[in-house]
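Colleague: Prediction below, plus the sequence it came from.
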Amino acid sequence: MSKSSNPASGTTVLAGDTITYTVSLAVTNGPTTAPTVLTDTLDSDLTFGSVTSNTGGFTVGGAGNVRTFTLPTGAATGTYVVQYTATVNANATGTVGNSVVAAGGGDPDPVCTPCTTGHPVIPQIAVSKSSNPASGTTVLAGDTITYTVSLAVTNGPTTALTVLTDTLDADLSFVAVTSNTGGFTVGGAGNVRTFTLPTGAATGTYVGAVHGDRQRQRDRHGRQQRGRCRRW
(Lines give C-alpha, C1' and ligand atoms only; values in the text may rest on other atoms or scores of the structure.)
Protein backbone atom coordinates (compact mmCIF):
# COMPACT_ATOMS: atom_id res chain seq x y z
CA MET A 1 0.00 0.00 0.00
CA SER A 2 1.17 3.55 -0.69
CA LYS A 3 -0.05 7.10 -0.36
CA SER A 4 0.69 10.13 -2.55
CA SER A 5 -0.65 13.64 -3.04
CA ASN A 6 -1.03 16.35 -5.65
CA PRO A 7 0.81 18.66 -5.13
CA ALA A 8 3.53 16.27 -4.03
CA SER A 9 4.40 15.87 -0.36
CA GLY A 10 6.83 18.59 0.71
CA THR A 11 5.38 21.18 -1.67
CA THR A 12 4.36 24.45 -0.02
CA VAL A 13 0.67 25.36 0.00
CA LEU A 14 -1.48 28.38 0.83
CA ALA A 15 -4.60 28.64 2.91
CA GLY A 16 -7.53 27.73 0.67
CA ASP A 17 -5.52 25.39 -1.55
CA THR A 18 -6.93 21.97 -2.42
CA ILE A 19 -4.79 18.86 -2.05
CA THR A 20 -5.72 15.60 -3.78
CA TYR A 21 -4.70 12.44 -1.93
CA THR A 22 -4.32 9.05 -3.61
CA VAL A 23 -4.23 5.77 -1.70
CA SER A 24 -3.20 2.65 -3.65
CA LEU A 25 -3.48 -0.90 -2.36
CA ALA A 26 -1.80 -3.72 -4.27
CA VAL A 27 -2.99 -7.29 -3.66
CA THR A 28 -0.65 -10.15 -4.55
CA ASN A 29 -1.43 -13.84 -4.24
CA GLY A 30 -5.14 -12.97 -3.97
CA PRO A 31 -7.93 -13.27 -3.28
CA THR A 32 -7.95 -11.59 0.13
CA THR A 33 -9.37 -13.62 2.99
CA ALA A 34 -10.75 -10.74 5.09
CA PRO A 35 -11.87 -7.13 4.62
CA THR A 36 -8.98 -4.67 4.24
CA VAL A 37 -9.63 -1.45 6.14
CA LEU A 38 -7.63 1.70 5.40
CA THR A 39 -7.98 4.38 8.10
CA ASP A 40 -6.97 7.79 6.79
CA THR A 41 -6.46 10.72 9.17
CA LEU A 42 -6.22 14.38 8.15
CA ASP A 43 -4.60 17.05 10.31
CA SER A 44 -6.95 19.49 12.05
CA ASP A 45 -5.78 22.24 9.65
CA LEU A 46 -7.36 20.37 6.73
CA THR A 47 -11.02 19.95 5.80
CA PHE A 48 -12.13 16.81 3.98
CA GLY A 49 -13.69 17.52 0.59
CA SER A 50 -15.00 14.51 -1.31
CA VAL A 51 -13.99 11.21 -2.86
CA THR A 52 -13.21 11.99 -6.49
CA SER A 53 -12.25 8.52 -7.73
CA ASN A 54 -12.85 5.01 -6.39
CA THR A 55 -11.67 2.54 -9.00
CA GLY A 56 -10.95 0.03 -6.27
CA GLY A 57 -14.56 -0.35 -5.23
CA PHE A 58 -13.84 0.63 -1.63
CA THR A 59 -16.70 1.16 0.81
CA VAL A 60 -16.23 4.68 2.16
CA GLY A 61 -16.92 5.39 5.84
CA GLY A 62 -15.86 7.53 8.74
CA ALA A 63 -16.56 11.22 9.30
CA GLY A 64 -14.78 14.53 9.79
CA ASN A 65 -11.02 14.18 9.50
CA VAL A 66 -10.93 10.40 10.00
CA ARG A 67 -12.13 8.41 6.98
CA THR A 68 -12.14 4.69 6.24
CA PHE A 69 -11.89 2.88 2.93
CA THR A 70 -12.77 -0.82 3.11
CA LEU A 71 -11.93 -3.37 0.42
CA PRO A 72 -14.19 -6.40 0.74
CA THR A 73 -13.10 -9.99 1.32
CA GLY A 74 -12.25 -11.83 -1.88
CA ALA A 75 -10.43 -8.99 -3.65
CA ALA A 76 -8.43 -10.51 -6.49
CA THR A 77 -4.78 -9.89 -7.29
CA GLY A 78 -4.45 -6.34 -8.60
CA THR A 79 -4.19 -2.68 -7.61
CA TYR A 80 -7.06 -0.80 -5.98
CA VAL A 81 -7.07 3.01 -5.88
CA VAL A 82 -9.12 5.68 -4.12
CA GLN A 83 -8.68 9.46 -4.40
CA TYR A 84 -10.14 12.29 -2.37
CA THR A 85 -9.63 16.01 -1.80
CA ALA A 86 -9.01 18.21 1.23
CA THR A 87 -8.77 21.99 1.63
CA VAL A 88 -6.15 23.87 3.66
CA ASN A 89 -7.97 25.83 6.37
CA ALA A 90 -7.76 29.62 6.60
CA ASN A 91 -5.99 29.44 9.98
CA ALA A 92 -3.57 26.65 9.03
CA THR A 93 0.00 26.98 10.29
CA GLY A 94 3.21 24.98 10.09
CA THR A 95 2.80 21.79 8.07
CA VAL A 96 -0.49 20.11 7.18
CA GLY A 97 -0.17 16.34 7.28
CA ASN A 98 -2.08 13.21 6.43
CA SER A 99 -1.50 9.59 7.36
CA VAL A 100 -3.03 6.21 6.59
CA VAL A 101 -2.86 2.83 8.32
CA ALA A 102 -4.17 -0.51 7.06
CA ALA A 103 -5.44 -3.65 8.72
CA GLY A 104 -6.93 -6.94 7.60
CA GLY A 105 -7.00 -8.54 4.20
CA GLY A 106 -5.08 -11.60 5.26
CA ASP A 107 -1.90 -12.51 7.07
CA PRO A 108 0.24 -10.46 7.52
CA ASP A 109 -1.39 -7.02 7.61
CA PRO A 110 -0.65 -4.77 4.62
CA VAL A 111 2.69 -2.94 4.44
CA CYS A 112 2.48 0.80 3.77
CA THR A 113 5.30 2.76 2.11
CA PRO A 114 4.97 5.72 2.35
CA CYS A 115 2.08 6.18 4.76
CA THR A 116 2.24 9.94 5.35
CA THR A 117 2.36 13.23 3.47
CA GLY A 118 3.17 16.77 4.61
CA HIS A 119 2.78 20.21 3.07
CA PRO A 120 4.33 23.35 4.65
CA VAL A 121 1.88 26.26 4.75
CA ILE A 122 3.23 29.55 3.38
CA PRO A 123 2.67 32.47 5.78
CA GLN A 124 0.86 35.43 4.21
CA ILE A 125 1.94 39.00 4.91
CA ALA A 126 0.03 42.23 4.29
CA VAL A 127 1.60 45.66 4.84
CA SER A 128 -0.26 48.95 5.21
CA LYS A 129 0.80 52.51 5.97
CA SER A 130 -1.08 55.47 7.39
CA SER A 131 -0.24 58.93 8.67
CA ASN A 132 -1.44 61.54 11.13
CA PRO A 133 -2.53 63.96 9.77
CA ALA A 134 -4.10 61.72 7.11
CA SER A 135 -2.63 61.47 3.63
CA GLY A 136 -3.89 64.34 1.48
CA THR A 137 -4.08 66.81 4.38
CA THR A 138 -2.13 70.04 3.84
CA VAL A 139 0.75 70.74 6.20
CA LEU A 140 3.00 73.66 7.05
CA ALA A 141 6.75 73.91 7.34
CA GLY A 142 7.73 72.70 10.79
CA ASP A 143 4.71 70.41 11.18
CA THR A 144 5.29 66.90 12.50
CA ILE A 145 3.75 63.93 10.69
CA THR A 146 3.43 60.58 12.42
CA TYR A 147 3.67 57.58 10.11
CA THR A 148 2.34 54.18 11.19
CA VAL A 149 3.34 50.97 9.43
CA SER A 150 1.30 47.84 10.14
CA LEU A 151 2.26 44.33 9.10
CA ALA A 152 -0.32 41.55 9.41
CA VAL A 153 0.85 37.93 9.46
CA THR A 154 -1.59 35.11 8.77
CA ASN A 155 -0.77 31.41 8.67
CA GLY A 156 2.36 32.12 10.74
CA PRO A 157 4.96 31.68 11.93
CA THR A 158 7.05 33.42 9.28
CA THR A 159 9.93 31.43 7.84
CA ALA A 160 12.30 34.29 7.01
CA LEU A 161 13.11 37.85 8.01
CA THR A 162 10.57 40.44 6.85
CA VAL A 163 12.28 43.73 6.01
CA LEU A 164 10.31 46.94 5.48
CA THR A 165 12.30 49.72 3.79
CA ASP A 166 10.71 53.10 4.43
CA THR A 167 11.84 56.14 2.42
CA LEU A 168 11.02 59.72 3.37
CA ASP A 169 11.07 62.45 0.73
CA ALA A 170 13.91 64.96 0.82
CA ASP A 171 11.55 67.59 2.24
CA LEU A 172 11.06 65.55 5.40
CA SER A 173 13.44 64.97 8.29
CA PHE A 174 13.27 61.74 10.27
CA VAL A 175 12.81 62.41 14.00
CA ALA A 176 12.34 59.21 16.00
CA VAL A 177 10.53 55.92 16.36
CA THR A 178 7.72 56.63 18.81
CA SER A 179 6.15 53.18 19.05
CA ASN A 180 7.35 49.69 18.20
CA THR A 181 4.78 47.24 19.52
CA GLY A 182 5.70 44.86 16.71
CA GLY A 183 9.21 44.29 18.03
CA PHE A 184 10.87 45.39 14.79
CA THR A 185 14.64 45.82 14.65
CA VAL A 186 15.15 49.39 13.46
CA GLY A 187 17.97 50.21 11.06
CA GLY A 188 18.97 52.51 8.26
CA ALA A 189 19.92 56.16 8.43
CA GLY A 190 18.84 59.57 7.21
CA ASN A 191 15.64 59.39 5.21
CA VAL A 192 15.86 55.66 4.48
CA ARG A 193 14.93 53.50 7.45
CA THR A 194 14.42 49.76 7.78
CA PHE A 195 12.15 47.82 10.11
CA THR A 196 12.92 44.10 10.34
CA LEU A 197 10.53 41.54 11.79
CA PRO A 198 12.41 38.40 12.87
CA THR A 199 11.90 34.90 11.54
CA GLY A 200 9.25 32.98 13.44
CA ALA A 201 6.78 35.83 13.85
CA ALA A 202 3.44 34.33 14.83
CA THR A 203 0.08 35.13 13.31
CA GLY A 204 -0.89 38.67 14.35
CA THR A 205 -0.46 42.35 13.56
CA TYR A 206 2.84 44.18 14.12
CA VAL A 207 2.90 47.97 14.31
CA GLY A 208 5.60 50.64 14.29
CA ALA A 209 5.27 54.44 14.28
CA VAL A 210 7.79 57.17 13.40
CA HIS A 211 7.80 60.96 13.48
CA GLY A 212 8.90 63.07 10.54
CA ASP A 213 9.28 66.87 10.56
CA ARG A 214 8.15 68.90 7.59
CA GLN A 215 10.87 71.20 6.24
CA ARG A 216 8.84 72.93 3.52
CA GLN A 217 5.13 73.08 2.88
CA ARG A 218 5.25 71.99 -0.77
CA ASP A 219 7.82 71.16 -3.40
CA ARG A 220 8.39 73.40 -6.39
CA HIS A 221 5.61 71.60 -8.33
CA GLY A 222 3.08 72.13 -5.54
CA ARG A 223 2.91 68.43 -4.67
CA GLN A 224 2.72 67.21 -1.11
CA GLN A 225 5.62 65.06 0.03
CA ARG A 226 4.88 61.64 1.52
CA GLY A 227 6.78 58.73 3.01
CA ARG A 228 6.97 55.54 0.98
CA CYS A 229 7.29 51.99 2.24
CA ARG A 230 8.47 48.86 0.48
CA ARG A 231 8.66 45.25 1.71
CA TRP A 232 11.49 42.92 0.72
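Modeller: All right, it came through fine.
Colleague: does the nearest residue to N180 once chain neighbours are set aside sit in a helix, a strand or a coil?
Modeller: Leaving out its chain neighbours, the residue that sits closest to N180 by CB to CB, 6 or more residues apart in numbering is G208, at 5.0 Å. Quick note: C-beta positions are derived from backbone N, CA and C, even for glycine. Counting by DSSP: H, G, I helix; E, B strand; the rest coil, the backbone at G208 sits in strand.
Colleague: Next, K129: secondary structure please.
Modeller: Using three-state DSSP, the structure places K129 in strand.
Colleague: Go ahead and confirm it touches T146.
Modeller: No - counting by CB atoms under 8 Å, K129 does not reach T146; the two are 11.4 Å apart.
Colleague: Can you give me the pLDDT of R228?
Modeller: On pLDDT, R228 comes in at 53.
Colleague: which ones are touching the residue nearest to N180?
Modeller: Listed by CB atoms under 8 Å, 6 or more residues apart in numbering, the contact set of G208 reads 148-149, 177, 179-182, 184, 186, 195.
Colleague: The same query, at a cut-off of 10 Å, please.
Modeller: G208 makes contacts with 147-151, 164, 166, 177-184, 186, 193, 195, 197, as judged by CB atoms under 10 Å, 6 or more residues apart in numbering.
Colleague: Which of the residues you listed fall within strands?
Modeller: Among the contacts of G208, the members found in strands (DSSP state E) are 147-151, 164, 166, 177-180, 186, 193, 195, 197.
Colleague: And the contacts of stretch 71-78?
Modeller: Outside stretch 71-78, the residues that touch it by CB under 10 Å, 6+ apart are 25-38, 56-59, 80, 82, 102, 104-106, 110.
Colleague: Let's see that with 7 Å instead.
Modeller: By CB atoms under 7 Å, 6 or more residues apart in numbering, the list of residues contacting stretch 71-78 from outside reads 25, 27-36, 56, 58, 80.
Colleague: And those residues, which is the shakiest by pLDDT?
Modeller: G30 (82).
Colleague: How is that residue assigned, secondary-structure-wise?
Modeller: Secondary structure of G30, per three-state DSSP, is coil.
Colleague: so L140 is in which element?
Modeller: Following DSSP states H and E, there is no helix or strand that holds L140.
Colleague: Run a quick neighbour tally on it.
Modeller: The local packing of L140 (other CB atoms under 10 Å) involves 9 other residues.
Colleague: Do you know the pLDDT at it?
Modeller: For L140, pLDDT reads 92.
Colleague: Roughly how far does it sit from P120?
Modeller: Using CB to CB, to the nearest Å, L140 is found at 51 Å from P120.
Colleague: Looking at the ones in strands among the contacts of G208, which is nearest T47?
Modeller: When the ones in strands among the contacts of G208 are compared for distance to T47 (CB to CB), L151 wins out at 27.9 Å.
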